[in-house]
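# Predicted coordinates and the sequence they were generated for:
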Amino acid sequence: MTQPYEMDAAAWQSFAGELGEPAYRGDQVFRWLNRDLAASWDEMTNVPRPMRELLAERFPDAFATPAIVQTGDGGTTRKALFRLNGEALAETVLMAYPDRVTACISSQAGCGMGCPFCATGQMGLLRNLTAGEIVAQVIWAARELQTMTLPGDWPRRLSNIVFMGMGEPLANYDRVWSAVQRMHDPAGIGLSARSITISTIGVIPGIERLARESLPVTLALSLHAPADEVRDTLVPLNHRYPIADVLAAARRFRAAHGRRVSIEYAMIGGVNDSLDQANQLAVLLKGNDFHVNLIPLNPTPGFGAPATGGRGIEAFRDVLLRHGVNATIRRNRGTDIDAACGQLGARAAVAG
Ligand code: SF4
C-alpha cells in the first residue's frame, strides 16, 4: 500500500530523474504526498499529466487507504486497520482532544515480545513494518482528521505521534527512526521531535541509541511493576533487561536530551496495584527524571486478571505524589472499538 511513502525527498528527486523529469518535480510529488496529504495523483495539479499517469501506473495502490475504519468515543476516536500485502495487519488510532490530536501508530504487525496482558503480544510477530508503512499511518491520520466533526475550538492539526500501537518500536529501530526523520521533515508533516513519543518495554540497546540521536524525541517506558519477580511475569524481556538496568538507561536518556521519561504503568488488580508496590515504585523513581502515567488495564480475550478500580488507582497515585513523584491517571480512549492500549490486534487475533 505504501511504496510512494517509502521515499524521502532525495529519493523522489532521483526517481524524477529516472522518469526523465527535473529533480524539482520529485520535490513537488514529495510535498503533495507528505505535506499536502494528497489522496490521488490527479490532485497534483502542478505535476505534468504524463508524469502523473506514469506514477499511477507504477503505484496503483498508493494512498494509505485502510481496509476498515471504525469510529468511537462520540466521533473523537477513529481506528484504521491496514492490510499489508493482503496479509499482515497494522492498526492506527486517531484521537482528538480539546488541546491536541494524537495518532497512535504501529511499528510491527503483531509483536514478538509476548507480554501476556497485551492483545498484540497474543498474536505473535507477523513482521516488521517498513518506514513507508509507518509514515503512511501518519498521513492517513492527518487526512482523516479533516473529515472529523469536532467542537469548533478543538485543534484541526495533527500534533502528537505515539508509537504505542502494535509492536515494540525499538525492535525495529532503523525503520522506525527513518520514519521519525520523515515525520520531522519540514517539507513533509513537520512535527517537532518532542511531540513524537517512542514507547518501549525496555530494549536497552535501543534506548542507548535514542540517547545518541540528534532529534530529542520523547521516551515512554512501560514498566508495569516495581519488582523484578512481578515484572518477569508481565514483561518477559525483563529476564534479559531487569528493572534497575532499564531505569539506568532511561536516566541516561534523560541526561542526554533533558527530556523527562514517561513511565507507563498498567494497573492490574491484585498483581501490581498494592500500596506497598506504590511505595516501592516511588523509591525507584525518586528525583525528577520521570512522569508516571497510571492506566487501568484494558480487557483482552487472552488475559484473565481485572483492571484496578478507580479508587484503587487514585490511592496508588496519591502515594506517588506524596513521595514527590509526578503521576497522573490516564483516561482510556477507544475501548468501545478495541483501540485502547494493549487492545490492538484483539479482533484480528480472534479472526485470524
Ligand atoms: S505490550 Fe508492547 S511489547 Fe509487549 S507484547 Fe504488547 S505490543 Fe509487544
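Noted; the coordinates are in hand. Residues are numbered from 1 along each chain as shown.
# residues contacting the residue of the stretch 51-200 of the chain found nearest the ligand?
As assessed by Cβ to the nearest ligand atom, the ligand sits closest to G121 within the stretch 51-200 of the chain, at 2.6 Å. For glycine as for every other residue, the C-beta is placed from the backbone atoms N, C-alpha and C. If you count contacts by Cβ atoms under 8 Å, 6 or more residues apart in numbering, G121 has them with 111, 113-115.
# Now narrow those to whatever sits close to the ligand.
111, 113-115 (Cβ under 6 Å from any ligand atom).
# Buried ones among those residues?
Among the ones next to the ligand among the contacts of G121, those classed as buried by 16 or more other Cβ atoms under 10 Å are 111, 113, 115.
# Number of residues surrounding the residue of the stretch 201-350 of the chain at minimum distance from the ligand?
For the stretch 201-350 of the chain and the ligand, the shortest gap (Cβ to the nearest ligand atom) falls at I201, measuring 4.5 Å. By other Cβ atoms under 10 Å, 25 other residues sit near I201.
# From A10, how far off is it?
34 Å (Cβ to Cβ, to the nearest Å).
# same thing with G309?
Applying Cβ to Cβ to G309 and A10 gives a distance of 53 Å.
# Tell me how many other residues crowd E314.
Neighbour count for E314, taken as other Cβ under 10 Å: 12.
# for it, helix, strand, or coil?
When classified by DSSP: H, G, I helix; E, B strand; the rest coil, E314 comes out as helix.
# In contact with it, which residues?
Listed by Cβ under 8 Å, 6+ apart, the contact partners of E314 are I329.
# do the same with L19
By Cβ under 8 Å, 6+ apart, the contact list for L19 reads 25, 51, 54.
# ok, now with 7 Å
When contacts are counted by Cβ atoms under 7 Å, 6 or more residues apart in numbering, L19 touches 51, 54.
# Same check on the one 3 residues further on?
Counting by Cβ under 7 Å, 6+ apart, P22 makes contact with A16.
# Check the gap between it and the ligand for me.
44 Å (Cβ to the nearest ligand atom, to the nearest Å).
# Would you mind naming what in the stretch 101-250 of the chain lies close to the ligand?
Checking the stretch 101-250 of the chain against the ligand by Cβ under 6 Å from any ligand atom, the hits are 111, 113-115, 118, 120-121, 166-168, 201.
# Reformat those residues as TSV; add pLDDT.
What follows is those, written out as TSV (pLDDT from 0 to 100):
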residue	pLDDT
C111	93
M113	95
G114	93
C115	93
C118	89
T120	87
G121	87
M166	93
G167	94
E168	96
I201	96
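# How is the protein partitioned into domains?
Split into domains by automatic domain parsing, the chain comes to 3-58, 85-351.
# Pick the most deeply packed of those domains.
Among the domains of the chain, domain 85-351 has the highest mean neighbour count (mean count of other Cβ atoms under 10 Å), at a mean of 19.
# what ranges do the helices span in this protein?
3-6, 9-18, 23-34, 49-58, 119-123, 131-145, 173-184, 204-212, 228-234, 243-257, 275-284, 310-322, 346-351 (DSSP state H).
# Lowest average confidence across those helices, which one?
Note on the helices of the chain: helix 346-351 shows the lowest mean pLDDT, a mean of 37.
# Just the ones of the buried ones among the ones next to the ligand among the contacts of G121 in strands?
Of these, none are assigned to strands by DSSP state E.
# ok, these vs R31, which is closest?
For those, the minimum distance to R31 (Cβ to Cβ) is 33.6 Å, reached by C111.
# So that closest one is in contact with R127, correct?
No: counting by Cβ atoms under 7 Å, C111 stays clear of R127, with 10.8 Å between them.
# residues in contact with M7?
Counted by Cβ under 7 Å, 6+ apart, M7 has contacts F15.
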